[in-house]
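Engineer: Quick one: sequence and predicted model below, then my questions.
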Amino acid sequence: MKTIGLLFPLFFAMTTLAQQTRFSVPEFVAPQDLKTWQERRTAVRETLTRLMGEVPARPSVPDVKILSREDKGAYTLEKFSFVNGAGATVPGYYLIPNDGKARYPAVYYCHWHGGNYDLGKQEIFTTHHTPEIPADALTRAGYVVMAIDAYCFGERSGMGPGGPDEKGGQEEMSTSKRELWLGRSLWAMMVSDDLMGLDYLFSRPEVDKQRVAVTGISMGATRSWWLMALDERIKTGVAVGCLTRYQDLIEEQKLKAHGIYYFVPGMLRHFDTEAIVSLIAPRPVLFMTGDEDIGSPVSGIHKIDAKVRPVYALYRNPDAFENIIYPKTGHVYTPDMWQKMLQWMKTRL
């Protein structure tokens, strides 16, 4: 009896672990020919859209209010807002270089998370985690720039279901709970807001619609590659510090590295990150991630790379997918990454 008593906790622990890990994600394999991939590509995107849940339909062009306009010397700064169809007002910035050109390429800048709920879109005016001030560097390079506040960030902090006194991680949790009750994830609503922001960006007369890019670090990186996967209008993108394969995140017990906003119910019943990234092909995209980035296990980055490259090869455009892994580097935006981002935009736009 004593032996059985000792073995029972071990048996229970092994059974619990088996239950926790007993799931199988369908393997994503690029087909041998482009026609088959194009058919499968449509199905993957339709599944991804369905997994986002009951997201309100977007109008063809958002009803935008221009709240202010200010000459900042090198560029003109407009502040705007639009209603997202789900009861929320989305504030944003729109920057136009003051060099008198009729049309400009544009960069849709996705801010990060980092627990900096008070920052949001204001990130483009700081060097909080970028080597240069994004607003200055990008407008100086000749780009129109747009950025909005995601749910719970910037001017939207304190606007959640817990009222103005609930901010930060607790507001994010409450907002996630509400959205799940409404049949969608918080991530789906963040991406939906970004798609509406892009709709407005593409409606602006100053923007060359054939030369629009997305970029960001961390949460902003994931927003960037999801947007490229869902919106064919985006010409190119640069994602820094967040290329996460979800199975590897689970295997390395690093789910804690990402907030509740990040998770899409049901996704691993269909595919993992490599399927989403493959939707970007054949458009050019650059990923830059540190091999010690806790939120993006390097084992997963290698697997994504191995799965996505054959898709780009179907288009005979393998160089359009660039995936740089920085050794002995964590969750940071290094000067080298920054210069590579600027050069990528210059070359690809």
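Structural biologist: All right, it came through fine. Since the structure is predicted, the reported quantities are computational estimates derived from the model, not experimental observations.

Engineer: remind me which residues of the protein are low pLDDT?
Structural biologist: Confidence mapping of the chain against pLDDT under 70 gives the ranges 1-22.

Engineer: how about 80 then?
Structural biologist: Applying pLDDT under 80 to the predicted model, the residue ranges of the chain that meet it are 1-23.

Engineer: tell me, which strand in it spans the most residues?
Structural biologist: Secondary structure assigned by DSSP state E gives strand 207-217 as the longest strand of the chain.

Engineer: Against which helices or strands is that strand packed?
Structural biologist: strand 104-110, helix 186-203, helix 219-230, strand 236-240, helix 335-348 (3 or more CB pairs under 8 Å, 6 or more residues apart in numbering; DSSP states H and E). Just so you know, the C-beta spots here come from the backbone N, C-alpha and C atoms, and that holds for glycine as well.

Engineer: which strands and helices sit next to the longest one?
Structural biologist: For helix 186-203, the elements it packs on are strand 75-83, strand 89-97, strand 104-110, strand 144-148, helix 168-181, strand 207-217, helix 219-230, judged by 3+ CB pairs under 8 Å, 6+ apart.

Engineer: tell me the angle it makes with helix 168-181.
Structural biologist: Comparing the axes of helix 186-203 and helix 168-181 via axes from the mean of the first three to the mean of the last three CA atoms, to 10 degrees yields an angle of 90 degrees.

Engineer: buried set for helix 186-203?
Structural biologist: 186-202 (16 or more other CB atoms under 10 Å).

Engineer: Find the centremost residue of the protein, please.
Structural biologist: Among the residues of the chain, residue 223 comes closest to the average C-alpha position under CA atoms, centre = their mean, at 1.3 Å.

Engineer: Surely that one touches residue 190?
Structural biologist: Yes. Taking contact to mean CB atoms under 8 Å, the distance of 6.9 Å between residue 223 and residue 190 places them in contact.

Engineer: Which residues are in contact with each of those two?
Structural biologist: residue 150 (CB atoms under 8 Å, 6 or more residues apart in numbering).

Engineer: before we move on, the earlier item: any idea of the angle the longest strand of the chain forms with helix 335-348?
Structural biologist: Calculated by the same axes, to 10 degrees, strand 207-217 forms an angle of 160 degrees with helix 335-348.

Engineer: could I get the helices and strands packed on helix 186-203 as a markdown table with distance to residue 118?
Structural biologist: Conversion of the helices and strands packed on helix 186-203 to a markdown table gives the following (distance: least, CB to CB, whole Å):
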| stretch | distance to residue 118 |
| --- | --- |
| strand 75-83 | 17 |
| strand 89-97 | 14 |
| strand 104-110 | 17 |
| strand 144-148 | 15 |
| helix 168-181 | 9 |
| strand 207-217 | 17 |
| helix 219-230 | 15 |
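
Engineer: Residue 34 is nearest to which of these?
Structural biologist: For the helices and strands packed on helix 186-203, proximity to residue 34 was assessed by CB to CB; helix 219-230 is nearest, at 18.0 Å.

Engineer: distance between that closest one and the chain's centre?
Structural biologist: Distance of helix 219-230 from the chain centroid (CA atoms, centre = their mean, to the nearest Å) equals 3 Å.
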